[in-house]
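S.K.: The following comprises the amino acid sequence and a computationally predicted model.
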Amino acid sequence: MFTDPFSELSVFDKTATVALYLTVAFIVLAAVIGILIKKFRPDNYPEYPKRVMSAASGYAIGILALLMFLKLDEYIADGYIDMPTFLPVVIMLGIMIVAVVAALVIAAFKPEISALFTKIAVAAIGVGILVMIIVSMVNTYKGGIGRTVGEEVQLYIYTAVLIGAIVALALVFGKKTPPLDSKGIVYAAVCIAMSFALSYIRFLELLQGGSVTFASLLPLMVFSYMFGIRKGVMAGVIYGFLQFIQAPWFYHPMQFLLDYPIAFGAIGLAAIFKEIGVLKKYPVVQFVLGGIVAVILRYLSHVVSGVFVFGVPDEYADSYTVVAWSFLYNSFAFADMAIAIAAGFMLFASRSFRNLLDSVEASTAKKTAAESAAKTETKSEEA
């Protein structure tokens, strides 16, 4: 992208290059304006970061939506995507984008119904996934599944178990997660965008999909730690859809779920140990242990996908069984998470970052207490 002449790049690469320069300009301009406001209009400065974060989240959603459209168009033109199979996924992405934009608007103008909308949106997405699976299954069986019925059933069972494990952990350990508000949505948008950008910096890229990146999972893990694992899982699922657009390896509906929304949704469990009383004085330990749980679930998700969909390359067929190859191949997930945990370890060592965590936690606790008091007062008046 940076070495080839600009005129020789594809439309997607040209747009991505321009978007990169625009993003750098946006950051520099925002920083300069912030410095000027702080110096000459200090009374207006407290509101400035909020406005910048809102503008950044809107900008990020717009750029990502444009790049996703161009990448899809490029893959379709090159014949990489079979539209009858892929169409349900496109519809699912559309539902998620609309839900995120609507959540931003509702959180900004009608925060009192934000929690209700979140539940409705999650239900709609669940229905959308179910429809996508059914439609994709029909198309898959029309073309021949390439597996026995028993293997097919196992694939669905293992997928259901992984989804159940992630949901159960989020429900049990995420009880103290506060409702989604405008601040959480803005942080989510920024962290997802940061993770997506970092995912393009790769130390290793494997032939059958998967890569070791420059701490691309860290922003998602930090978001989960700051705002709770339920929100973290949601952010991870959205990020999984973006990863699918970045490299759409799609051979089976269950493979799509396993390699993208399920695998990356598991990253939201990075804060699973945050509320453990024994570890409250050791946030770094909480973060590391949570990262280990998250990567194990992500790894298992990729392993199941590999066993039932990808198989063993011909050159290794004599040396490995399908199961052994999938366990070995997908071990890249541990290297990817190790880099993120190491970067997170250094981040937690920063006093300014710990102060940021404390301020977010204090602000969230204060808002939750105020909402609880308001509900109690309302009930008392009704009584």
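M.R.: Thanks, I have it.

S.K.: On the three-state scheme, residue 203 is what?
M.R.: Under the three-state scheme (DSSP: H, G, I helix; E, B strand; the rest coil), residue 203 adopts strand.

S.K.: Could you report the neighbour count for it?
M.R.: Residues lying near residue 203 (other Cβ atoms under 10 Å) number 12. Using the backbone N, CA and C atoms, a C-beta is placed for each residue, glycine as well.

S.K.: in the protein, which spans are helices?
M.R.: 11-40, 48-77, 83-109, 114-143, 149-173, 182-198, 218-227, 229-246, 253-257, 263-265, 283-305, 322-329, 332-348, 351-382 (DSSP state H).

S.K.: Compare these and give me the one nearest residue 274.
M.R.: The closest of these to residue 274 is helix 283-305. By Cβ to Cβ, the value is 5.2 Å.

S.K.: residues of the closest one that come out buried?
M.R.: Buried positions in helix 283-305, judged by neighbour count with 16 or more other Cβ atoms under 10 Å: 283-284, 286-295, 297-305.

S.K.: And the closest residue to residue 357 other than its chain neighbours, how close does it get to residue 318?
M.R.: Counting by Cβ to Cβ, 6 or more residues apart in numbering, the nearest residue to residue 357 once its immediate chain neighbours are dropped is residue 226, at 6.3 Å. Taking Cβ to Cβ, to the nearest Å as the criterion, residue 226 is separated from residue 318 by 49 Å.

S.K.: got it, and residue 238?
M.R.: Taking Cβ to Cβ, one finds residue 238 at 41 Å from residue 318.

S.K.: Between these two, which is the more surrounded one?
M.R.: Neighbour count, other Cβ under 10 Å: between residue 238 and residue 318, residue 238 has more, with 24 against 7.

S.K.: Check whether the more buried one really touches residue 96, as I assumed.
M.R.: Yes: at 6.3 Å, residue 238 counts as touching residue 96 under the criterion of Cβ atoms under 8 Å.

S.K.: ok, how many other residues are close to the residue nearest to residue 357?
M.R.: 20.

S.K.: so it touches residue 188, yeah?
M.R.: No: counting by Cβ under 8 Å, residue 226 stays clear of residue 188, with 9.9 Å between them.

S.K.: picking up where we left off before, and the residue nearest to residue 357, what is it in contact with?
M.R.: When contacts are counted by Cβ atoms under 8 Å, 6 or more residues apart in numbering, residue 226 touches 187, 357, 360, 361.

S.K.: Figure out which of the helices of the chain is closest to residue 311.
M.R.: Ranking these by proximity to residue 311 (Cβ to Cβ) places helix 322-329 first, at 5.6 Å.

S.K.: Let me know the average pLDDT across the closest one.
M.R.: Averaged across helix 322-329, pLDDT comes to 91.

S.K.: Show me what it packs onto, helices and strands only.
M.R.: In this structure, helix 322-329 packs against helix 283-305, with contacts taken as 3 or more Cβ pairs under 8 Å, 6 or more residues apart in numbering; DSSP states H and E.

S.K.: quick one, the helix it packs on and helix 149-173 angle?
M.R.: 160 degrees (axes from the mean of the first three to the mean of the last three Cα atoms, to 10 degrees).
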